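Colleague: What would the 3D arrangement of this be:
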Amino acid sequence: MTQQAPAWAASPRHLASRPVSTRPASPVPVPHEVCIHPGPALLEGVADGPSLAAHRKRYGDLPTTRLPHLLQLVRGAGLRGRGGAAFPFATKLETASKRRRPVVVINLSEGEPASAKDSALALSRPHLVLDGATAAAQALGSREVHLVVTGERPLVRQSMERALEERAGDVAVRLHTAAPRFVAGQARAVIELLSGRPNLPVTAWSPEAIEGLRGRPTLLSNAETWAHVGLLVLRGEGAYRRHGTETEPGTALLSLTTPGEEPHVLEVPYGTRLREVLPEAAHGLPALVGGFHGSWATWPTLANARISVPHLAALGTPLGAGVLLVPDAETCPVELTSRIVAFLAGQSAGRCGPCHNGLPALAAAVHDVATGRGGAERAGQLAELVRGRGACAHPDGTVRLVRSLLGTLPHEVAEHVSGGCAHLRAAVAS
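Modeller: Got it, this is the predicted structure:
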């Protein structure tokens, strides 16, 4: 049975003592509190605290790792990025290494309100994250490391600032604050921020590892990815492979979020049954896998699924950002989806037609479905019009959510269209 983190890491009093701005349009506000559960690898021994002294006592000094050895480690472990795309990290590292003066970026902006895994690492394992980025910077001969945090989670920034102060003499790290926007953490939006321009995504013709900040190769990953790199460098591939499966070694961090409650961050080995992660109260109910850009899954799918990037992708429910959004029995998934789509429509860069015009129209169509004022056909048609036409992935992620609702929960959608949803009747009566 999972235990909660110690008071320093997850105490509601500790985290709620400082006000945090929220996004009123989001059905899941940016969390004031994060409940961190001990885990087998990244979150092992979180009771030790986040200090550098505690970190070095557990893991030892960071060894100097040359590029061939680092490539061997991340390739041998099959390390994939944990930011959502699950791209092989070794490919990005090798690509960046073939060009001059590469840049290393730690993306801790975590723009999705339902996600808290990077925040959990910042609060409990900041030096594991920094060790991973430092090892890569040293291997690449990089003199430029950037850390991007969000102003909406001040405790995260404070924790990372303390960690950087403790590491005086290591690779210099420049700290930046991302805009309070869902798309601010997108890779190109982060590059724009570091370049001194608005923190919004733009169209790019080359991957960041080829041409990123100021045209230089940029190795950009989120905090969980860097923590895995740090763990590999400090513990080695053999220890890393003690968790997970033969074909998919390691662990994954999951943000288990229920609207109106603090998120729980858990670390589970790959191959774990999804039903073992979900609380008993969620059994029998659908859940949103992958976060706001994710996909709805019915209970039969959830009950038989395993935490695995290829397995969940094959089921049509990619793990994505590692968010499991679990509405309780009183929350209607159709109404919740409507609120999420409305939030996402307001969070876009608004720089292309699909975002500027398509997403607001799609949000209105889904709202009509949720309120019984329109049919599902209009929402489906708009989703097809928007899909594949955006300058960034934000429209496609929003469309994925809408299509999954229409295709996975047709009975609930039909109830709304006919005005027969119990949640809808209760709302009208009130």
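Colleague: any idea how far the nearest residue to Gly419 once chain neighbours are set aside lies from Leu362?
Modeller: Spatial nearest neighbour of Gly419, chain neighbours left out: Gly372 (4.1 Å); criterion: Cβ to Cβ, 6 or more residues apart in numbering. C-beta here means a position set from N, CA and C on the backbone, and glycine is covered the same way. Gly372 sits 18 Å away from Leu362, going by Cβ to Cβ, to the nearest Å.
Colleague: Which of the two has more residues huddled nearby?
Modeller: Each of Gly372 and Leu362 has its neighbours counted (other Cβ atoms under 10 Å); Leu362 has more, 28 against 18.
Colleague: need the contact list for Gly212.
Modeller: Gly212 makes contact with 103, 105, 191, 218, 220, according to Cβ atoms under 8 Å, 6 or more residues apart in numbering.
Colleague: Make sure the last one is indeed in a strand.
Modeller: Yes - residue state for Leu220 (DSSP: H, G, I helix; E, B strand; the rest coil) corresponds to a strand.
Colleague: Wait, it touches Glu208, no?
Modeller: Yes - with contacts counted by Cβ atoms under 8 Å, Leu220 reaches Glu208, the gap being 5.2 Å.
Colleague: Which one's more surrounded, those two?
Modeller: Leu220 (26 against 23).
Colleague: now that one, which residues is it bridged with?
Modeller: Beta-bridge partners of Leu220, counted by DSSP bridges, are Val105.
Colleague: Doesn't Asn107 belong to a helix?
Modeller: No - Asn107: not assigned to a helix; according to three-state DSSP it is strand.
Colleague: Give me the residue at the spatial middle of the chain.
Modeller: Centroid-nearest residue in the chain: Ala321, 3.4 Å away (criterion: Cα atoms, centre = their mean).
Colleague: any idea how far that residue lies from Pro38?
Modeller: Taken as Cβ to Cβ, the span from Ala321 to Pro38 is 22 Å.
Colleague: And for Arg101?
Modeller: According to Cβ to Cβ, Arg101 and Pro38 sit 40 Å apart.
Colleague: who's more crowded, these two?
Modeller: Shown here are Arg101 and Pro38; by other Cβ under 10 Å, Pro38 has more neighbours (18 against 13).
Colleague: Would you check that the more buried one makes contact with Val46?
Modeller: Yes - with contact defined as Cβ under 8 Å, Pro38 reaches Val46; the gap is 5.3 Å.
Colleague: Where does the prediction get shaky in the stretch 301-430 of the chain?
Modeller: 422-430 (pLDDT under 70).
Colleague: where along it do the strands fall?
Modeller: In the stretch 301-430 of the chain, strands defined by DSSP state E, counting those that start in this stretch lie at 323-325, listed in chain order.
Colleague: Likewise for the stretch 51-200 of the chain?
Modeller: Using DSSP E, counting those that start in this stretch, strands in the stretch 51-200 of the chain cover 103-108, 145-150, 173-178.
Colleague: follow-up on the earlier one: doesn't Ser338 make contact with the residue nearest to Gly419?
Modeller: No - under the criterion of Cβ under 8 Å, Gly372 is not in contact with Ser338, lying 11.5 Å apart.
Colleague: ok, the residue nearest to the centre of the chain - contacts?
Modeller: 83-84, 112, 115, 255, 290-291, 293-294.
Colleague: Output those residues as CSV; include the columns pLDDT, distance to Pro50 and neighbour count.
Modeller: Shown next, in CSV, are the contacts of Ala321 (pLDDT from 0 to 100; distance: Cβ to Cβ, whole Å; neighbours: other Cβ atoms under 10 Å):
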residue, pLDDT, distance to Pro50, neighbour count
Gly83, 85, 22, 22
Gly84, 80, 25, 23
Glu112, 92, 23, 26
Ser115, 96, 19, 29
Ser255, 97, 19, 25
Gly290, 96, 28, 26
Gly291, 95, 25, 25
His293, 96, 30, 23
Gly294, 96, 29, 27
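Colleague: Which of these sits closest to Pro180?
Modeller: Pro180 has its nearest neighbour among the contacts of Ala321 in Glu112, at 12.0 Å by Cβ to Cβ.
Colleague: my guess is the closest one meets Phe292, correct?
Modeller: Yes - between Glu112 and Phe292 there is a contact under Cβ under 8 Å: 5.6 Å.
Colleague: who touches both of those two?
Modeller: Going by Cβ under 8 Å, 6+ apart, residues that sit against Glu112 and also against Phe292 are 182, 323.
Colleague: can you give me the helices for the stretch 1-150 of the chain?
Modeller: Secondary structure of the stretch 1-150 of the chain (DSSP state H, counting those that start in this stretch): helices at 7-10, 12-16, 52-59, 67-76, 89-97, 117-124, 126-140.
Colleague: To Ala414, which of those helices lies closest?
Modeller: Among the helices of the stretch 1-150 of the chain, helix 117-124 comes nearest to Ala414, with 35.0 Å by Cβ to Cβ.
Colleague: what sits up against the closest one?
Modeller: Contacts for helix 117-124 (Cβ under 8 Å, 6+ apart): 5, 9, 31, 34, 36, 42-43, 46, 50, 82, 108, 110, 128-129, 149, 153, 155-156, 159-160, 222-224, 227, 253-255, 265, 322.
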